[in-house]
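> Kindly generate the corresponding structure for this input.
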Amino acid sequence: MKTLHGWARYPKAQVNIVYPDNIKEVVDILSSKPGSFIARGNGRSYGDASFNKNLTISMIKCNKFISLNTQTGELIAQSGVLIADIIDTCLPKGWFPFVTAGTKFITLGGAIAADVHGKNHHIEGSFGHFVNWFELIDIDGIIKKCSREENKELFELTLGGMGLTGVITKCSLRLRPVESGWITQKTILNNNLSETLKSFDNNANSLYSVAWIDCLAKGGKSGRSVLMLGEHASSDDLNSNKVIFPVKKRQIFSFFFDLPSFLLNNITVGIFNQFYYLVNMVKSKKSQVDWDTYFYPLDSIKNWNRLYGKKGFFQFQCILPSSKSHQGYSDILQIIQKNSSGSFLAVLKKFGKGNNFLSFPMEGYTLALDFKVNVINLKMVSMLNDIVVKNGGRFYLAKDATLTPELFKKSNVNVTDFKNKVKKIGDGIEISSELSRRLNI
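Residues are numbered from 1 along each chain as shown. Okay, here's the model as predicted:
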């Protein structure tokens, strides 16, 4: 028994968890018909998606590299391998993940289960687009190879299926050829939400784009942002004194204890937002930054989730269709300003077309906001959820901790189809998480 939680440290539960050393042990566990279970990677999903009170199977020890084709960029590895390990191993050989989430400390299995997205979804799509095949243990305890040609439906159900289709054991992933580990970054300041959305559209050809949003700026400044564009730098672009493939940075700071939650409020968050915006006004508008700085700025702070206090935090991440984004996000920002204790992190990205079933992305704009857990914010987020449903939006299950089954069903028309195709009850085995039980998936 162990107290378990996601990265946000909310909610928490007493859980039976096992740590198999290899795939055979996973098969043996399932063959014993343990009842309900869910597989877990490195626990970096935010809410209750990666644990089951009855049995949680950690795949973190199933982390072997199998092969890397340095000619084609095909990597075959077990599901417990971290994205950080992939970069450490493959970047010096000139290969980098096509799609990466905001942290490098997620596993391959978790990236597939959540069908994670990055700053380039508007051009290249989600993580699943670059998965050639994977193997998983299904509800009958049988290892199946799934791809776009073999067991196609199970392949599609698993991408974004939040681990509810089986235990992913290994996969084949296509990597991107790169000439360096540097990103050419261009920074654009926008005075309000209208300018922010227009800047995304004007720079739609940029490979990477992400905007920090000042969610507390009011009036004509509401939705002002710092938009950061990025392209992989060629070796010819680099200054002569730069290492072509820099290694990941050490974590320069660590929270060894929980900060008092009262430190995060509209006043302190507003001061930080003003400072951050002003700093970017005087910074160079074009620069070269290493891959770790551009893709994973928060990874440099160990245990940054302690910033929100011992009760933890929750993340609200939604996506709205392009045609509804301006009005929808204007309404969301107004509610945050009037009814919350402020969001320390607010990130906006542009999406292209998505995958099927439970996969989160669709064409539009996604906004991610962090809130400390308290009565005010939990009440406020229900108002945000209503706006998302009203505007035809969706919620990201890898971050969710507050949705109701009714709202989730209204927001995703594929839920019923997913449930019908995935028969979770089979021969004494049920694949479920605390999230899937909460949302009746």
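
> Asn440: neighbour count?
The local packing of Asn440 (other CB atoms under 10 Å) involves 12 other residues. Placement of C-beta: from N, CA and C, glycine included.

> Phi, psi for the residue lying closest to it once chain neighbours are set aside please.
Distances taken as CB to CB, 6 or more residues apart in numbering place Pro405 nearest to Asn440, at 4.1 Å, with adjacent residues excluded. Main-chain dihedrals, Pro405, degrees, to the nearest 10: phi -60, psi -30.

> do you know how far Pro405 is from Asn412?
Distance of Pro405 to Asn412, computed by CB to CB, to the nearest Å: 11 Å.

> So those two - more neighbours on which side?
Asn412 (22 against 13).

> Going along the chain, name the helices of the stretch 51-200 of the chain.
Per DSSP state H, counting those that start in this stretch, the stretch 51-200 of the chain carries helices over the ranges 83-90, 108-114, 121-124, 152-158, 193-202.

> now the last one: mean pLDDT?
This points to helix 193-202. In this model, helix 193-202 carries a mean pLDDT of 98.

> Pull out the buried positions in that helix.
193, 195-197, 199-200 (16 or more other CB atoms under 10 Å).

> Likewise for the first one?
Using 16+ other CB under 10 Å as the burial criterion, the residues of helix 83-90 that qualify are 83-87, 90.

> cool, stretch 365-384 as well?
365-374, 377, 380-381, 384.

> where does the chain have its least confident helix or strand?
Lowest by mean pLDDT, DSSP states H and E among the helices and strands of the chain is strand 425-426, with a mean of 56.

> any idea how far Ile319 is from Asn120?
For Asn120, the distance to Ile319 equals 16 Å [CB to CB].

> okay, those two: which has more neighbours?
Comparing Asn120 with Ile319 by other CB under 10 Å, the one with more neighbours is Ile319, at 27 against 22.

> which residue sits closest to that one, ignoring its sequence neighbours?
Thr366 (4.2 Å).

> about what we covered before: now render the buried residues of helix 83-90 as a markdown table, adding distance to Ile335 and pLDDT.
As requested, those are arranged in a markdown table below (distance: CB to CB, whole Å; pLDDT from 0 to 100):
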| residue | distance to Ile335 | pLDDT |
| --- | --- | --- |
| Ile83 | 34 | 98 |
| Ala84 | 36 | 97 |
| Asp85 | 40 | 97 |
| Ile86 | 39 | 98 |
| Ile87 | 38 | 98 |
| Cys90 | 43 | 98 |
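
> that older thread, my read is that the residue nearest to Asn440 contacts Leu435, right?
No. The criterion here is CB atoms under 8 Å, and Pro405 misses it with Leu435 at 10.8 Å.

> and Phe314, bridged to which residues?
Counting by DSSP bridges, Phe314 forms beta bridges with Phe371.

> Contact partners for it?
Counting by CB atoms under 8 Å, 6 or more residues apart in numbering, Phe314 makes contact with 8, 10, 46-47, 370-371, 373, 377-378, 381, 401-402.

> quick one: Val131 from Phe344, how far?
33 Å.

> more crowded one of those two?
Counted by other CB under 10 Å, Val131 and Phe344 do not tie: Val131 has more neighbours, with 25 against 19.

> surely the more buried one meets Ile112?
Yes. Because the distance of 6.1 Å satisfies CB under 8 Å, Val131 is recorded as touching Ile112.

> Now the common contact residues for the two.
Residues touching both Val131 and Ile112 (CB under 8 Å, 6+ apart): 159, 171.
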